[in-house]
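S.K.: no sequence for this one, just the structure:
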Ligand SMILES: [Zn+2]
């Protein structure tokens, strides 16, 4: 009788403890999914492919926002305090992310822990101009000091990002290793199939010169063969001077450049002014998933960029070779 009473009390106490924990941490108490927070929508999309039904993924930034400029809001810290995994682009794209990690006070996702994944490990980096011993000075304006951080715009880097995510998820959840491995195999197969289609489409336009607003494109242009010959920004992160705009107009006219690519987060006034003076088209291209509403995942991103580049080239009378 006494034994029964004790066991009933124990059950009641454990129910209370469970409810108490659930109130403190509702996500973990009721769901077994791994809670992942990424800094970008591209990382979210790739994590969803690899993690499948075992993960629940949120991105801190929106796809149309400027990834260099994020206000580290307390609401992000609250989300990070409950996360099992944090995934970032790395290099110097997210100086704001480390402030968020400090504020979140979540030991699982601190730098050096298995729950802190840096996607850039092993990727093909462009613009690695910084020599050993060079002084790093952001006041000079360059916000790409460790190499170009927009490296996800090469689908083969997408496979390496996915590999880094796969290894991280397997450490966090070894019981699901085979499930994640299989998703990675499918992801790589899809990239390979689509990449040959994308390259086939772009091949006739190889060597076409364009101007871009921001230096987001070195990996994309290396893979798909367009030449970004100059930028609207004076340097990454630095607004153009009137002298730079005047020189750019001269160059576009002299070299017969027909297309100015603009990322959704930048203003339209200067590109439209340059367009007026040169006849070049301004083409807004997303650089991230959800940068425009049609781009819902990492594969859509390349479909959209490539289809819109080609239709603008055609409109501007740039003939395929
Ligand atoms: Zn940038």
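M.R.: Here it is on my side, so go on. Everything numeric in this text was worked out from a predicted model, so none of it was measured. Residues are numbered from 1 along each chain as shown.

S.K.: how about low-confidence regions in the stretch 51-200 of the chain?
M.R.: Applying pLDDT under 70 to the stretch 51-200 of the chain flags residues 129-142.

S.K.: Strands along that one, start to end?
M.R.: Shown for the stretch 51-200 of the chain, the strands assigned by DSSP state E, counting those that start in this stretch span residues 55-59, 85-88, 116-118.

S.K.: Listing partners with orientation, what would you give for the shortest one?
M.R.: In this case it means strand 116-118. Strand 116-118 pairs in its sheet with strand 85-88 (parallel), by DSSP bridges.

S.K.: got the contact list for the partner strand?
M.R.: 34-39, 43, 47, 80, 94, 97, 101, 108-109, 115-119, 165, 168-169, 172 (CB atoms under 8 Å, 6 or more residues apart in numbering). To be clear about C-beta, it is placed using only N, CA and C from the backbone, and glycine gets the same treatment.

S.K.: What of stretch 59-68?
M.R.: 37-44, 70, 76, 79, 89, 93-94, 97, 100, 143, 149, 237, 263-266, 286, 288-292, 295.

S.K.: mind listing which of the residues you listed are in helices?
M.R.: Secondary structure from DSSP state H places 41, 42, 43, 44, 76, 79, 97, 100 of these in helices.

S.K.: what's the closest of those to residue 302?
M.R.: Of all the ones in helices among the contacts of stretch 59-68, residue 302 sits closest to residue 42, with 11.1 Å by CB to CB.

S.K.: Provide a list of residues in contact with that closest one.
M.R.: So residue 42 contacts 63, 152, 161, 288, 289, 298, 301 (CB under 8 Å, 6+ apart).

S.K.: for those residues, which one is nearest residue 281?
M.R.: residue 301 (20.6 Å).

S.K.: Quick check: the farthest pair among the contacts of residue 42?
M.R.: Spatially, the most separated pair among the contacts of residue 42 is 63 and 161, at 15.9 Å (CB to CB).

S.K.: coming back round to it: only whichever of the contacts of strand 85-88 are buried, select them in PyMOL.
M.R.: Applying 16 or more other CB atoms under 10 Å to the contacts of strand 85-88, the buried members can be selected in PyMOL as follows:
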select buried, resi 34+35+36+37+38+39+43+47+80+94+97+101+108+109+115+116+117+119+165+168+169+172
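
S.K.: From residue 262, how far out is the residue nearest to residue 107 when sequence neighbours are not counted?
M.R.: Nearest non-adjacent residue to residue 107, counting by CB to CB, 6 or more residues apart in numbering: residue 113, 6.8 Å away. Using CB to CB, to the nearest Å, we find residue 113 at a distance of 39 Å from residue 262.

S.K.: Among the two, which residue is more densely surrounded?
M.R.: residue 262 (20 against 15; other CB atoms under 10 Å).

S.K.: Residues in a beta bridge with the more buried one, which ones?
M.R.: residue 284.

S.K.: how about it, what does it touch?
M.R.: By CB under 8 Å, 6+ apart, the contact list for residue 262 reads 212, 213, 232, 268, 271, 282, 283, 284, 285.

S.K.: The second one: how many residues sit nearby?
M.R.: To tie it back to what came earlier, the one meant is residue 213. Residue 213 has 23 nearby residues by other CB under 10 Å.

S.K.: That one against residue 263, yeah?
M.R.: Yes. Between residue 213 and residue 263 there is a contact at 5.8 Å, judged by CB atoms under 8 Å.

S.K.: still on that earlier bit, ramachandran coordinates for the residue nearest to residue 107?
M.R.: Backbone torsions of residue 113, given as degrees, to the nearest 10, read phi -90, psi 160.
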